[in-house]
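Novice: structure for the following, please:
(chains A and B)
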Amino acid sequence: MQQVRVLNRPVGLVPGDHVAWAFDDPASLRSATADYLREGVDHCERLMFIASDPVRGLVGELSRTPGGLARGQLVVRPATDMLRRVAAGRPCRAADSLREEADAAVAAGFTGLRVWADVTDLTTSPFLAQRWLDYEIAVETVFDEKAATGLCALDTQRAGEHWNRVATVHRVQRRRDATPRFAARVQGNVVGLVGEVDVVSAGDLESLLDDARRCLTGPVTVDLADLGFIDVAGTRVLARFHRDVRAAGGAVRFRHARPVTARLLAAFGLHGDLRA
Amino acid sequence: MSAQAATVGGWTGAGLAHEAFLFDDDRQARDRCVPFVREGLDRGEPIVVVAGGRVRRVLEEAFGDLTAQFAVFAEAEGAWLGGAGTLAAYQESMRPLLEARRPWRLIGEPVWLAGTGGAVWSRFEAVANEAFAGYPYYSLCLHDRRLLDAPLVDAQLRAHPTVWDGSAPVPNPSYVPTSVFLRSVEPRWEPAPAGPDVLRVASAWDALPALRPMTDRLASPRRRDDVLLAVYELVSNALRAAGAAEVRHWVSGGFGVWEVSDEGPGMYDATAGYAPPAEGLRGGRGLWLARGLADDATVRERGPGTAVRLYFRDTG
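Specialist: As a prediction, the model looks like this:
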């Protein structure tokens, strides 16, 4: 059973890690970014840096690390590229494109791809924010399949409450106050919950399930194997999700619930839909 | 008029009548049940029977194919779902009858009293007196003294307001009010021992991270998940009511005792957590769940503030 991993520094990261990084001052962001990218150099990964305002001097600094940068090791993309891709609303295509980039990095002789992106601008409008979450949900699976490490940096001053929604689709987080202690992975029509859901995070679970619903195309399975704790408030959210999906003609099953969680689900009338 | 309603005395169908009937042979069961059912059929009152094999045979002999017209004719042997589960199923099964807005008659034989853990059912009979007070049915609860030990029967008598005196239902002198009954069978409220483990929680955000190490340390591995959830729900309730909660733990008589208390307005309802939660997704379930997860629970009957104790066997 997993917990959501919480970091103070973005190091110790390996392919498969997909981090949501909250920052509220440029200096701390700069040093965190340097740490993250330098680790990528150490790991012989290709670095992909996506930002509208590349942290000044960072490229120069990286070039000065022992051994420097290999040819083609640092790729800088303007954030407008990512903005356009997200706004187009084709999350699966965007995920495919990330897969291709990861493959290309390995083909070029690197151990994998390490991506850094400042996503704050994607959360400032509700339209974009929704599409961004669809993108994040689709992209999460790429980090499982490919040699890819990703970090999404978010200026919490500007993102505000969107932080919670972004955080819950990342299994590794740099926590700010009141960040939910759970996350979710959507793979096909399976929603896997990781961590703990209690009364303070039940609302975030509801938001996350609302976001996930947009990506689901058939009978849904909610996998509870990695859910270490859920309370009445959280289970009520699951029951509402079940009811709403059913009302829209869909189906929801819960699987791998621990005995105590199965009991809770039963308390909300969710008996027959449990599956070991 | 009195001859017409002979089997139910003064019951007019306006609310619940709840009788405990004791018998030692099939003839006594037949003499009580057959006229009761016949009168109900004559008056167009739905008949619900959940009883053991002997009683079902008695009714089948008397009514034959007519039993197919009973609203329910079911085996008590398969109906036990634990105390809370059985009460919830019982309440759920009465919903269509309630919606029909007509009085009905129930013959119930709680054969499960004799089974493991079945004695707890008397508490739910006591709770039913309050929870179902407005339901328009006559509940004839049968007790076969050949199958039930005297202490089980005595407890049942204390939970039923009415008994049969040979020719009519009469008030039961052994009956005690619900809260009195519950407190008489739950663990007694002794003062907490000195120096128990105490945790103070003052925010919902801190509750789970603070509780988990305490339950990890003090609860048995087998019950840990149940203890954490049950205590967490009580703490959640306390935070909502009072903004802060105290959690205490000690071991007493082979039980791990967990007490959650607060200094809020105070809740002293002995039946809290026994009756099934309200319909639908809204409505509290915390205390009901906590009672179900623990082996026993009790609510302190006076203030200031609220205190609830949960008991987990095997020092869980």
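Novice: chain B against chain A: which residues are in contact?
Specialist: Within chain B, the positions near chain A by C-beta under 8 Å from any C-beta of the partner chain are B:204-205, B:207-208, B:212, B:225-226, B:228-229, B:232-233, B:236, B:277, B:281, B:285-286, B:288-289, B:292-293. C-beta: built from backbone N, CA, C; applies to glycine.
Novice: pLDDT below threshold where in the chain?
Specialist: No chain was given, so I picked chain A. Flagging of chain A using pLDDT under 70 yields the residue ranges A:1-2, A:52-61, A:63-67, A:175-179, A:272-276.
Novice: not quite, go with chain B.
Specialist: B:1-4, B:196, B:279-283, B:315-316.
Novice: before we move on, which element is the residue in it that chain A sits nearest to in?
Specialist: Residue nearest to chain A within chain B (C-beta to the nearest C-beta): residue B:225, separated by 4.1 Å. Assessed by DSSP states H and E, residue B:225 sits inside helix B:224-242.
Novice: what packs against that helix?
Specialist: Applying 3 or more C-beta pairs under 8 Å, 6 or more residues apart in numbering or on different chains; DSSP states H and E, one finds that helix B:224-242 makes contact with helix A:232-247, helix A:259-267, helix B:204-218, strand B:245-252, strand B:255-262, helix B:286-293, strand B:306-313.
Novice: now the strands for the chain?
Specialist: Just so you know, I chose chain A. Using DSSP state E, the strands found in chain A span residues A:5-6, A:18-23, A:46-51, A:74-78, A:113-118, A:148-155, A:172-174, A:182-187, A:190-197, A:220-223, A:227-230, A:252-255, A:274-275.
Novice: hmm, no, I was thinking of chain B.
Specialist: Going by DSSP E, chain B shows strands at B:17-23, B:47-51, B:72-75, B:104-108, B:137-144, B:162-164, B:169-171, B:197-201, B:245-252, B:255-262, B:296-299, B:306-313.
Novice: distance from the chain centre to the fifth one, please.
Specialist: By that I understand strand B:137-144. 15 Å (C-alpha atoms, centre = their mean, to the nearest Å).
Novice: next: the fourth one.
Specialist: The offset between the C-alpha centroid of strand B:104-108 and the centroid of the whole chain comes to 17 Å, using C-alpha atoms, centre = their mean.
Novice: residues of the stretch 51-200 of chain A that sit close to chain B?
Specialist: That would be A:178, A:181, A:196, A:198-200, which are the residues of the stretch 51-200 of chain A within reach of chain B (C-beta under 8 Å from any C-beta).
Novice: got the strands of chain A as JSON lines, with mean neighbour count columns?
Specialist: Formatted as JSON lines, the strands of chain A follow (neighbours: other C-beta atoms under 10 Å in any protein chain shown):
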{"stretch": "strand A:5-6", "mean neighbour count": "14"}
{"stretch": "strand A:18-23", "mean neighbour count": "23"}
{"stretch": "strand A:46-51", "mean neighbour count": "22"}
{"stretch": "strand A:74-78", "mean neighbour count": "15"}
{"stretch": "strand A:113-118", "mean neighbour count": "25"}
{"stretch": "strand A:148-155", "mean neighbour count": "25"}
{"stretch": "strand A:172-174", "mean neighbour count": "23"}
{"stretch": "strand A:182-187", "mean neighbour count": "22"}
{"stretch": "strand A:190-197", "mean neighbour count": "22"}
{"stretch": "strand A:220-223", "mean neighbour count": "22"}
{"stretch": "strand A:227-230", "mean neighbour count": "24"}
{"stretch": "strand A:252-255", "mean neighbour count": "19"}
{"stretch": "strand A:274-275", "mean neighbour count": "13"}
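Novice: okay, those strands in CSV with distance to residue B:57 next?
Specialist: Listed next are these as CSV, based on distance: least, C-beta to C-beta, whole Å:
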stretch, distance to residue B:57
strand A:5-6, 64
strand A:18-23, 67
strand A:46-51, 79
strand A:74-78, 82
strand A:113-118, 76
strand A:148-155, 71
strand A:172-174, 66
strand A:182-187, 56
strand A:190-197, 51
strand A:220-223, 47
strand A:227-230, 47
strand A:252-255, 42
strand A:274-275, 37
